[in-house]
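Student: Sequence first, predicted model second:
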Amino acid sequence: MTVSRLVITSDSAELALVRSWLRERLGEQGFSVEEQSRLQIAVTELAANAIEHSYESMAGQPIYITIEPSDDRVVIQIEDLGTPFDPARYRAPDLEVPAEGGLGLYIAGRLADELSVDLARDHGTRWTLVKYRKHREGYRSPEGQRWTSK
């Protein structure tokens, strides 16, 4: 199975390209339309976070998206070279009290089977989403988060 890679810039207009690219690649891998939609939402939420937070809405910066399929899963990575994600500053949203912030990561964590973040890098952040071909319950950390950091 072939690894696919897309490089976009930190322009929100490029998120439409991400969605269509994902739809095509995931369709080739036999994922249902529903699974494709869930992963499109998760990936574009993380890419939008890279634009807004890592690059502070500065256009023209690179965001790398990689899809690595295997027999039992697909692994999707979203990587930027901006300001690293700081897990200590993240607060899960209170869904009973609507507020700005925190929803993108929350949504991505709920739509993937696994979500992890790699912060042990010189620059930026790399998010890894895993979607199993046969549903498997995602990881939940002791704090109730559905993502883990490395």
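Tutor: Yep, that arrived. Numbers count the residues shown, from 1 in each chain.
Student: Residue ranges in the chain under the pLDDT threshold?
Tutor: Along the chain, the model assigns pLDDT under 70 to residues 98-102, 134-150.
Student: Let's see that with 50 instead.
Tutor: The chain contains residues with pLDDT under 50 at 136, 138-144.
Student: residue ranges for the helices of it, please.
Tutor: Secondary structure of the chain (DSSP state H): helices at 15-28, 33-49, 103-111.
Student: ok and the longest one relative to helix 15-28, angle-wise?
Tutor: Between the axes of helix 33-49 and helix 15-28, defined by axes from the mean of the first three to the mean of the last three CA atoms, to 10 degrees, the angle is 150 degrees.
Student: Give the buried residues for helix 33-49.
Tutor: 35-49 (16 or more other CB atoms under 10 Å). In this view, the C-beta of every residue, glycine as well, is placed from N, C-alpha and C.
Student: CA atoms of that helix as CSV?
Tutor: C-alpha atoms of helix 33-49 as CSV (Å, rounded to 0.1, in the frame of the first residue of the first chain):
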residue,chain,number,x,y,z
VAL,A,33,-18.4,7.8,2.8
GLU,A,34,-19.2,8.2,6.5
GLU,A,35,-15.7,7.2,7.6
GLN,A,36,-14.2,9.5,4.9
SER,A,37,-16.3,12.4,6.2
ARG,A,38,-15.3,11.7,9.8
LEU,A,39,-11.6,11.7,8.9
GLN,A,40,-12.0,14.8,6.7
ILE,A,41,-13.4,16.7,9.6
ALA,A,42,-10.8,15.5,12.0
VAL,A,43,-7.9,16.3,9.7
THR,A,44,-9.2,19.7,8.7
GLU,A,45,-9.8,20.6,12.3
LEU,A,46,-6.1,19.8,13.1
ALA,A,47,-4.9,21.6,10.0
ALA,A,48,-7.0,24.6,11.0
ASN,A,49,-5.5,24.5,14.4
